[in-house]
Each structure stands twice: as structure tokens, then as C-alpha cells.
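Q: predicted model, plus sequence, below.
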Amino acid sequence: MTQIRLRNSLTRKVEDFHPIDAKNVRMYLCGPTVYDRAHLGNARPVVVFDVLYRLLRHVYGPEHVTYVRNFTDVDDKINATALARKEAGAEGSLEELIRARTEETIGWYHADMDALGALRPDREPRATDYIGAMIAMIETLIEDGHAYAAEGHVLFRVRSYKDYGALSGRTVDDMMAGARVEVAPFKEDPMDFVLWKPSDEGLPGWDSPWGRGRPGWHIECSAMSYELLGASFDIHGGGIDLQFPHHENEIAQSCCAHPEGSFANYWLHNEMLQVEGKKMSKSLGNFFTVRDLLDGHDGEKGIPGEVIRFVFLQTHYTKPMDWTAEKARAAAATLRKWRTAVDGVTPSPEAAPEVIAALADDLNTAGAIAALHQIDDPAVLKASAAMLGLLDDGMGDWAKPRYVKSDELYVGTNEMSARRIDELVLLRTQAKADRDFKRADEIRDGLSRAGIILKDSKDKTEWEFGLEVDLSKLEGL
Ligand SMILES: [Zn+2]
């Protein structure tokens, strides 16, 4: 069996991965708060952990892996959107408007992540379906002295958990110095965080032993992972921005409420995403959602989900990833070339061992892509690319030529189109040799209009597909 190695944030080392139960390998990923469209940075963990999910399924068998990713559907931003709609005259109660907003956002999220080729997790729990489990967990924490109720709130007593900060490698006092902690009169210690808070009239709330209220964000993941994966499970993932305080708080809550378990044994964190070398932000004008990128925005053409995915996977998940238009262009060219090669091919039963080995080595996706470049057999290429969620039959429409003429040269497949282009490139080379530069330029311009990029070097001309290809423009050349 392939030995997977993963960088564990808890130990800060790359370790051999040993699941608690190889018949039920369990992974939890913190999912989105469903108040708006996912931005490009939100998609990175989805793609990273999708590759890990595919690898786990490959090694342990698809039926032996459980992947849980939650939806946070109780949040002040969701409430604010619903309230604004109500004030603007929308029909229905606030609860109904909140439900409508979260349903709408979950629909968008699924459509966007499907477009990136991410498999749906086995379970996608919604926080609002687990309020009872959260209340039960909070009651246990109070009974055992790890939490206290005050003024309608319940707070976790951070100093009651001696390992608090172990994941980030910092002490409570260090963290306090660097964090934006909310000082409130009802807190015993500024670091204590909210498990439950009161809801006034106009806000969603649930009855609890501490009055009508709603849960804090951190307790959601602890309750849902316990209900679906148990007190001990294998992998917990998320963006590095969640490590503190969210993941520290999850660990503290879960380990104190369920001391019989270890919570998550391996913690994996992906680094953040930048755009053209800069942090993505609304003020810099480089902030966009996954949907903006897929459909096109601000005069830019849309980029296929498979191309976005490929660009993501070229950078190791523990490194900051820089999104650039140039990377997208190059990725599209590579994928078109591969799609031409695998068109109509049945994948081989086994992926290339080099690709599996690269992925098993702490998800070395860049190494796996390098290995794909070395594969000559299209059947093996197709099977191996599937490990990365690439060259899937359902995702290739973008790479199909827009126009296919049914004569002997075009006849419908990418391979035939490629032959036609090869032929034109040769005709151009011949025209140049004949010093017929008018004809040579005519062919070059025609290819360029059709979206074919020529690369001249000293002794040969190579070509690749650009992002937009329209082979009808080759007609008459
Ligand atoms: Zn979480």
C-alpha cells in the first residue's frame, strides 16, 4: 500500500500518515460561511483537499473514506443581508429570508466548486441542523469547569486547557499580545471566547439553558465533527488564516468536552492566495469571486474551471499561491495539448506510479504535474491526470474546437484539428523558404486569429492553443 506523508501543523513535521481505522479514514474541512459568493481564495482549500480526498480514496478505497465539510449558515453577515432585504420590502419572515439567502448561496457554492472539478464531500452538514449537539457540548464544558455562563453568554475558559496554543506554537500570553481580543465586563479573562451569545428580537435564535441565543462560530465545527466523525478522527484541514483562533478554539473545546478522544491527529493548513503578486483586496481592485473568473469580469474573458484548478495545483499548498493571467494562459495551452492527446482514449486501469508517489509525498502537486508531462501513453496520462481532477470528460468542453468542418481534414476530433494546424505551420515554413513572405504572413495571421500561438525558434516552429480557439477562422487559408 502507498505510504502517504503529510505535513502536520501540530508537530510542524512531514509525517507518515497512519489512519485510526483504514476501513474508515476520516477528514474534516472547515467550510464556507454562506452569505455571499466564494472568492478565489476560498476555492484554494477546496481544490487542495479535493486532491487529498482523491488520494485517500485511491489508497484506501472510495468506500473507506469519509470527507465532511460544513456550511456555516448562522452568522451575523447572513442576518445583515436578510435584514437589509426585509427592510427593502422583501416578503416573508426574517427566518424565511435567512433561509432563502443561505439556500441561494449554497447553490452558488456548489455550482462554483463543481466547475473547479471538486468532488462533493460525503457529508455537508449545516450548522443550524446541529444546534442541539452544540448546546449539549456547551453543557458538558460548563459541568467540567471549562466554560461559564454570564449575562446570556457562555464563554470558554481558555486557561482551563493547558495545551491551548499548541497548534500555533505560542503561549496564551503571546497570543494575547498579538490578537484582537474583545474585552467585555462579563469575561473572566480577555482570551476567553464565546460559545453561546444572546439573540435579541430581530435575530435568529434558539432556546437554550442560557436563554434565547445562537452559537459562536468555533463550537459549530467541534459539534459537527464529533457527531459525524467521532471524538477522534484523522485529518482536519483549513486555510492557515483559520489556525488561530478558530482551530485552537476547536481543539480546546473538543479535547475538553471529549477527553476520551484526540480530536484530529493530523492538521493540514493551506497558505493564502495572491493576485499578480499582491494580496487580493477590494481596495486594490484585484478582488474577484470564482464566478467572476469563470464567467469573465471587467472586460476579461472567462477562464475554464479546469484551467483555474491547474494553476492552483502548480503551487504546493504550503506556499503562498500567486494567481496570474500569464499562468492561466500557459495552463490552458498545456491542457489543450493534453486534451488533444487523450481525446477519445479510455484511461488505463492504473495511474503512473510517479504521479502517485509525488502526491503521496505531502501532496506535491507540482511534482505530479511535472510527472504528467513525461507520460507518452495517452491512456496512462488520462488515468494519472484524474488523480489531480484534470482531463475529466465532464470538464473538457472549453477545449473542444468551436467549429468543426466535416471534410477529411477537420472531422470532428482534436487530433484532426491538430493535424490541420501542423499542415498550415509546414506550409508557412515552406512559403518562408520560397521567400513568399506574403503567403507566410497570411498563414501566421490566420492561425493567430483562430487562437493558435506560434513559437518560432532557430530551426523549427512549434505551436500551442491559446485560451480562445475558433478553428472556423482557419477556413480559406
Ligand atoms: Zn472550523
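A: That came through fine. Numbering: from 1, shown residues only.

Q: where's I303 relative to the ion, distance?
A: 29 Å (CB to the ion, to the nearest Å). (Glycine included, C-beta is placed from N, CA and C.)

Q: neighbours of that residue, how many?
A: A count of neighbours around I303, defined by other CB atoms under 10 Å, yields 22.

Q: got the contact list for the closest residue to the ion within the stretch 51-200 of the chain?
A: Closest to the ion within the stretch 51-200 of the chain is N70: 7.0 Å, counting by CB to the ion. N70 makes contact with 28, 30-31, 124-127, 220-221, 224, according to CB atoms under 8 Å, 6 or more residues apart in numbering.

Q: would you check which pair of those lies furthest apart?
A: Maximum pairwise distance in those, criterion CB to CB, is 14.7 Å, between Y28 and R126.

Q: higher neighbour count, those two?
A: Neighbour count, other CB under 10 Å: between Y28 and R126, Y28 has more, with 27 against 17.

Q: ok so the more buried one is a helix residue?
A: No. Counting by DSSP: H, G, I helix; E, B strand; the rest coil, Y28 is not part of a helix but strand.

Q: what pairs with it across the strands?
A: Beta-bridge pairing for Y28 (DSSP bridges): V68, H236.

Q: residues in contact with the helix or strand harbouring I142?
A: Element membership of I142, judged by DSSP states H and E, is helix 131-143. For helix 131-143, the external contacting residues (CB under 8 Å, 6+ apart) are 127, 147-149, 154, 156, 195-196, 206, 208-209, 215, 219-220, 222-224, 226-227, 253, 256-257.

Q: for the helix or strand bottoming out on mean pLDDT in the chain, list the C-alpha coordinates in PDB.
A: Within the chain, no helix or strand scores below helix 172-178, which has a mean of 79 by mean pLDDT, DSSP states H and E. Taking C-alpha atoms only, helix 172-178 is exported to PDB below (Å, rounded to 0.1, in the frame of the first residue of the first chain):
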ATOM      1  CA  VAL A 172      -1.700  32.200  25.700                       C
ATOM      2  CA  ASP A 173       0.200  35.400  26.700                       C
ATOM      3  CA  ASP A 174       2.000  35.600  23.300                       C
ATOM      4  CA  MET A 175      -1.300  35.200  21.500                       C
ATOM      5  CA  MET A 176      -3.000  37.800  23.700                       C
ATOM      6  CA  ALA A 177      -0.300  40.300  22.800                       C
ATOM      7  CA  GLY A 178      -0.900  39.700  19.000                       C
END
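
Q: any idea how far T171 lies from L10?
A: 16 Å (CB to CB, to the nearest Å).

Q: let me redo that: S199
A: 35 Å.

Q: then C30?
A: 16 Å.

Q: do the same with G230
A: Where L10 is concerned, G230 sits at a distance of 18 Å (CB to CB).

Q: give me the pLDDT for V380.
A: Looking at V380, its pLDDT reads 98.

Q: just give the closest residue to it, not the sequence neighbours.
A: S348 (4.9 Å; CB to CB, 6 or more residues apart in numbering).

Q: tell me the secondary structure for L454?
A: strand.

Q: how many other residues sit next to it?
A: 16.

Q: contacts only, for it.
A: Contacts of L454 by CB under 8 Å, 6+ apart are 425, 444, 447-448, 461-463.

Q: max pairwise distance over the residues you listed: which two?
A: Within the contacts of L454 (distances taken as CB to CB), the two that end up farthest apart are S448 and E462, at 14.5 Å.

Q: neighbour count: these two, which is higher?
A: S448 (13 against 10).

Q: which among the contacts of helix 131-143 count as buried?
A: Burial by neighbour count, 16 or more other CB atoms under 10 Å: within those this picks out 127, 147-149, 154, 156, 195-196, 206, 208, 215, 219-220, 222-224, 226-227, 253, 256-257.

Q: so which of these belong to helices?
A: Within the buried ones among the contacts of helix 131-143, residues falling in helices by DSSP state H are 219-220, 222-224, 226-227, 253, 256-257.

Q: and these as a markdown table, adding distance to G41 and pLDDT?
A: Putting those into a markdown table (distance: CB to CB, whole Å; pLDDT from 0 to 100) gives the following:
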| residue | distance to G41 | pLDDT |
| --- | --- | --- |
| I219 | 25 | 98 |
| E220 | 21 | 97 |
| S222 | 24 | 98 |
| A223 | 26 | 98 |
| M224 | 23 | 98 |
| Y226 | 28 | 98 |
| E227 | 28 | 98 |
| Q253 | 26 | 98 |
| C256 | 31 | 98 |
| A257 | 31 | 98 |
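
Q: in contact with the residue of the stretch 101-250 of the chain found nearest the ion, which residues?
A: Using CB to the ion, the single residue of the stretch 101-250 of the chain nearest to the ion is C221, 3.1 Å away. Taking CB under 8 Å, 6+ apart, we find C221 in contact with 28, 30, 70, 246, 250.

Q: you'd agree the second one is up against I240?
A: Translated: C30. No. Here C30 lies out of contact with I240, judged by CB atoms under 8 Å, at a distance of 11.7 Å.
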